[in-house]
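Engineer: Any chance you could fold what I've pasted below:
(3 chains)
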Amino acid sequence: MRISLKEIADAVDGRLNGDPDMRIEGVSPFESAGPDQITMAGTPKFLKRISDTQAGAVIVPMKCEAAEKPLVRVKNPQVAFARVVELFHPRPVPEDFISPRAHIGDHFSAGEKVTVSHGVVIGDRVSVGDRVRLHPGVVIGDGVIIGSDVEIYPNVTIRDKCCIGSRVIIHAGAVIGSDGFGFAPDGERYHKIPHTGIVRIDDDVEIGALNAIDRATFGETRIQKGVKTDNLVHIAHNVTIGENTVLVAQVGISGSTTIGRHAILAGQAGVSGHLNIGNNVTIGPQAGVAKSIPDDSIMSGSPEMPHSRWLRVQTVVPRLPEMKKQIAELERRLKALEDK
Amino acid sequence: MRISLKEIADAVDGRLNGDPDMRIEGVSPFESAGPDQITMAGTPKFLKRISDTQAGAVIVPMKCEAAEKPLVRVKNPQVAFARVVELFHPRPVPEDFISPRAHIGDHFSAGEKVTVSHGVVIGDRVSVGDRVRLHPGVVIGDGVIIGSDVEIYPNVTIRDKCCIGSRVIIHAGAVIGSDGFGFAPDGERYHKIPHTGIVRIDDDVEIGALNAIDRATFGETRIQKGVKTDNLVHIAHNVTIGENTVLVAQVGISGSTTIGRHAILAGQAGVSGHLNIGNNVTIGPQAGVAKSIPDDSIMSGSPEMPHSRWLRVQTVVPRLPEMKKQIAELERRLKALEDK
Amino acid sequence: MRISLKEIADAVDGRLNGDPDMRIEGVSPFESAGPDQITMAGTPKFLKRISDTQAGAVIVPMKCEAAEKPLVRVKNPQVAFARVVELFHPRPVPEDFISPRAHIGDHFSAGEKVTVSHGVVIGDRVSVGDRVRLHPGVVIGDGVIIGSDVEIYPNVTIRDKCCIGSRVIIHAGAVIGSDGFGFAPDGERYHKIPHTGIVRIDDDVEIGALNAIDRATFGETRIQKGVKTDNLVHIAHNVTIGENTVLVAQVGISGSTTIGRHAILAGQAGVSGHLNIGNNVTIGPQAGVAKSIPDDSIMSGSPEMPHSRWLRVQTVVPRLPEMKKQIAELERRLKALEDK
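Structural biologist: Numbering: from 1, shown residues only, chains lettered A, B, ... in the order given. So this is what the prediction gives:
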């Protein structure tokens, strides 16, 4: 594929320093880009080394005025770069295709250019919008509603009645709408509480591979607009994840907890049940959150504490054996003074 | 669906204060129940606020004698509530159905009302009891034996020779009987130890979505009666999980460890291999258990310590920087005294 | 199956003390082996108790000269034992079989004795070597290349263009080649960065059940020769795992990190992104590695510290409440002295 520098600049709302007719054949990272490729220098670290890259053109921040190379100057180089990668690696053109090896239940309603691949099983009363791609082995339960421009990768399970918005991506092996982990104990045995609610996933959400998102006991487990989850994330029943929040790999959120908008939970962090985690909260990796967290906090540790405190605590922890000795020594010296 | 209050009271062995012919149309949580619905007030917190709920009737503990509302008085409100939810949301009536899109191996033996859905693959010499539902995409290996009233959700894999009891539920994407992680190292490479054992899951077990339960090297990995596991749990080869024990999401149990009966392992906890965890043990979230634990213990932390001690330790940890300063200050003052 | 002791000794390059014609019918652990079976006593602990086992013959280290039982003396008893287990439990003979219930795309190239089981879906331009077994429900994307003697268990997804070496085992439900978790933030929303790279898995690798291994943004995520991963492991985009490294269950490796050869990461450990973990490094269970680690280190804790230090720290942590009291007491006594 060959795209002119002008077309690239136009696609990313960029200002072009250089030959608009220059043909670019691909996009590549700073270190490995060749003379036919475009790359990005988004941070001062890379801008300083801009003459090092072999790339034919470079996407840079608007404030970067000149260099020896053709530049595409943009407001947000990362976002522009993502867009250019997409230009060179367009998603497959959606097409109408229903495999004879798929099973489709009664009262199926589908928009245009819907692909139902081999081995897909769709229950009754399912509705999907336009340009939906269901990859092989996907299982969709009865009454599921799916928006438009949705991609569901192989072997995903979406259980009955769950609702999926538009422009949603669900990666392979994920499970949406499994029963919540709710039981009534009688002191000895655990009696299953039927889970009558659903999972609702809003627009522009991306769910990682092998996520497990449980349906609500009543009502809904809710993944709001723009949420991104990494692989192997667990989201329990009746949880709400706020808009544009990011859950990194192996995070676990316990039942009935609400996470605000634009939060970031780093890898392997866990949050207890029935908590409120505020907007714009950042939770460190492996943190164990046991209390509700106000907006705009940065927390780390297990149990959690303010990140700045945690940083200081972590410098002391490895020296605990020395501290213990020091205290014993103080004790000895104090005793000596007292005895005098 | 409409059920009379008397029918509800009878179903839960309850005593009825109120009109036995009152028609109830559904069940709902305390805050959201309407006048045609029944709810529960199981704890003093909710009992105090019983006049706040809009519910038409309330399930309460036996000792709650009177209220302005129709009451169903029961021994265990949680268990009764679970039963009433089930009354209003009965499981689908089992039916004889074998999809033409399923593959069934030789010598298949099945009881009555067995559902083998589309895309299911069943190996040779498999036996299943009555009222078993195999959802789409389930793969059952050769020689697997499954009891009655079992529900296996989509895309579950059960590998050869594993045994599943009755009234077992296995949620979507779970893997039962994968090879254990056992290798013989020669100092450089790792040589695979073939895993010739099985996984045996006893009656009344519920396995969460995307669990991985490995088969034994020899003998069996054993999940005993009434165990409940949440999502993304790992159970290694030759582990035994005792009766009515609960493993919360993302717990990991290493090889050859035995967990007693009626234990609770909270989310993201991990247990090392070859340990004995006693009966009625509670392990806190994210705990890392490195030693065997006697019966009736409550442990937290990584490595684990008694929970009561852990609670006290956790109040000190965030103040470590101040403790360090305090010690330096004591040192300085002591030095001053010594120098006098 | 019956195998003579001589055949066993020959298969493991062992020296035989005992009747070469003795017929052995199976292999079993030390405690449960019967008189027709062979077992192993690989460590001094078992060698001391060698007369306790009911086994008919015992695999022992070369230096073990005599016992009352027939012995097979070998250089590495563990490796020999693994080999003998395999002798008695040979893998199924590979056969040419393509299920009519599988879908195979255009330009499929396959070697000899390839099994494509029911419900398998193979994309276009896929190539597999000899003796490859694709179990039911496996989904292989376009352009995937697979070597010889590969076993891919049920419901595994391998997305387009990934490369799998020879003698690779991938356990059920694993996902190879899902998109990396890479987004360009604009301050509010996250813009998807298309992932144009692949996952390359080299020879002799074994991938555990329900692993998620993401494809690279550009280039490749690389799992080198002989790597073994346990269940529920997450490996992010652009990671390299070096030869013969072992990742225990629920480990998570963040993006662009490189792990050296012959490392061991214990269960639930996590490693941050863009780090270099050296060769022969051991990381303890639940460790959280936030910095690069030189070769031959043993690290534990979250954040990590040298294991020997961590061991000492862990003896102090539970006594922190007492240390705090002790400091307060020193303070009081010092004050008393000062006041004098």
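
Engineer: drop to CA atoms for contacts and neighbour counts, all remaining ones
Structural biologist: Fine.

Engineer: after the least confident helix or strand in chain A by mean pLDDT comes which helix or strand?
Structural biologist: The weakest-scoring helix or strand in chain A, judged by mean pLDDT, DSSP states H and E, is helix A:44-48 (a mean of 92). Downstream of helix A:44-48, the first helix or strand assigned by DSSP states H and E is strand A:57-61.

Engineer: I'd like the average pLDDT over that following strand.
Structural biologist: In this model, strand A:57-61 has a mean pLDDT of 96.

Engineer: same thing with stretch A:71-80?
Structural biologist: 96.

Engineer: And stretch A:293-309, by the same measure?
Structural biologist: On average, stretch A:293-309 scores 98.

Engineer: quick one: is that stretch near chain B?
Structural biologist: Yes: using CA under 8 Å from any CA of the partner chain, stretch A:293-309 reaches chain B at A:303, A:305, A:309.

Engineer: How is the last one assigned, secondary-structure-wise?
Structural biologist: Here residue A:309 is helix, with the state taken from DSSP: H, G, I helix; E, B strand; the rest coil.

Engineer: ok, for it, nearest residue in space, not its chain neighbours?
Structural biologist: residue B:318 (7.0 Å; CA to CA, 6 or more residues apart in numbering or on different chains).

Engineer: same thing with the first one?
Structural biologist: Taking CA to CA, 6+ apart as the measure, residue A:303 lies nearest to residue A:288, with 5.0 Å between them; neighbours along the chain are not counted.

Engineer: neighbours around that neighbour, how many?
Structural biologist: Neighbour count of residue A:288, defined by other CA atoms under 10 Å in any protein chain shown: 25.

Engineer: wait, what's in contact with it?
Structural biologist: A:269, A:270, A:271, A:272, A:300, A:301, A:302, A:303, A:304, B:285, B:286 (CA atoms under 8 Å, 6 or more residues apart in numbering or on different chains).

Engineer: The last one sits in which helix or strand?
Structural biologist: Here residue B:286 is covered by no helix or strand, with elements defined by DSSP H and E.

Engineer: Of the contacts of residue A:288, which pair is most distant in space?
Structural biologist: Across the contacts of residue A:288, the longest distance by CA to CA is 15.4 Å; it joins A:300 and B:285.

Engineer: Quick check: the residue nearest to residue A:309 touching residue A:306?
Structural biologist: No: Residue B:318 is beyond contact range of residue A:306, at 9.2 Å (criterion: CA atoms under 8 Å).

Engineer: More neighbours: which of those two?
Structural biologist: residue B:318 (20 against 16).

Engineer: so how far is the first residue of stretch A:250-259 from its last?
Structural biologist: Start-to-end span of stretch A:250-259 (CA to CA, to the nearest Å) is 16 Å.

Engineer: So which residues make contact with it?
Structural biologist: By CA under 8 Å, 6+ apart, stretch A:250-259 touches A:230-242, A:265-279, B:249-250, B:267-268, C:234, C:252.

Engineer: Any idea how far that stretch is from the middle of the chain?
Structural biologist: 14 Å (CA atoms, centre = their mean, to the nearest Å).

Engineer: And for stretch A:255-273?
Structural biologist: The answer for stretch A:255-273 is 12 Å, by CA atoms, centre = their mean.

Engineer: Show the average pLDDT along it.
Structural biologist: In the prediction, stretch A:255-273 has an average pLDDT of 98.

Engineer: How far does it stretch from one end to the other?
Structural biologist: Start-to-end, stretch A:255-273 (CA to CA) is 5 Å.

Engineer: how about residue A:80, phi and psi?
Structural biologist: phi -60, psi -40 (degrees, to the nearest 10).

Engineer: ok, now which ones touch it?
Structural biologist: A:12, A:59, A:74.

Engineer: let's see 6 Å
Structural biologist: residue A:12 (CA atoms under 6 Å, 6 or more residues apart in numbering or on different chains).

Engineer: try residue A:234
Structural biologist: A:211, A:212, A:252 are the contacts of residue A:234 under CA under 6 Å, 6+ apart.

Engineer: How confident was the prediction at it?
Structural biologist: Residue A:234 is given a pLDDT of 98.

Engineer: where does it fall, phi/psi-wise?
Structural biologist: phi -110, psi 130.

Engineer: That one bridge partners, please.
Structural biologist: residue A:212, residue A:252 (DSSP bridges).

Engineer: right, and residue A:130 touches residue A:115 too?
Structural biologist: No: Residue A:130 lies out of contact with residue A:115 (CA atoms under 6 Å); the separation is 9.6 Å.

Engineer: From chain C, how far off is residue A:146?
Structural biologist: Relative to chain C, residue A:146 is positioned 20 Å away (CA to the nearest CA, to the nearest Å).

Engineer: ok, that residue touching residue A:126?
Structural biologist: No: look at residue A:146 against residue A:126 with CA under 6 Å: they stay out of range, at 8.0 Å.

Engineer: Quick one: low-confidence residue ranges for the stretch 1-150 of chain A.
Structural biologist: In the prediction, the stretch 1-150 of chain A carries no residues with pLDDT under 70.

Engineer: got the residues of it near chain B?
Structural biologist: For the stretch 1-150 of chain A, the contact set with chain B under CA under 6 Å from any CA of the partner chain is empty.

Engineer: can I get the CA coordinates of stretch A:198-216 in CSV?
Structural biologist: What follows is stretch A:198-216 as a C-alpha-only set of coordinates in CSV (Å, rounded to 0.1, in the frame of the first residue of the first chain):
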residue,chain,number,x,y,z
ILE,A,198,-27.7,-9.0,32.7
VAL,A,199,-24.4,-7.4,31.6
ARG,A,200,-24.7,-4.2,29.6
ILE,A,201,-21.7,-3.1,27.7
ASP,A,202,-21.9,0.4,26.2
ASP,A,203,-20.4,1.9,23.0
ASP,A,204,-16.7,2.0,22.2
VAL,A,205,-15.7,-0.6,24.8
GLU,A,206,-12.9,-3.1,24.2
ILE,A,207,-12.9,-6.3,26.3
GLY,A,208,-9.6,-8.3,26.6
ALA,A,209,-9.1,-11.9,25.9
LEU,A,210,-10.4,-14.4,28.5
ASN,A,211,-12.2,-11.7,30.6
ALA,A,212,-15.1,-13.0,32.8
ILE,A,213,-17.8,-10.5,33.3
ASP,A,214,-20.7,-11.7,35.5
ARG,A,215,-24.4,-10.9,35.1
ALA,A,216,-26.1,-9.0,37.9
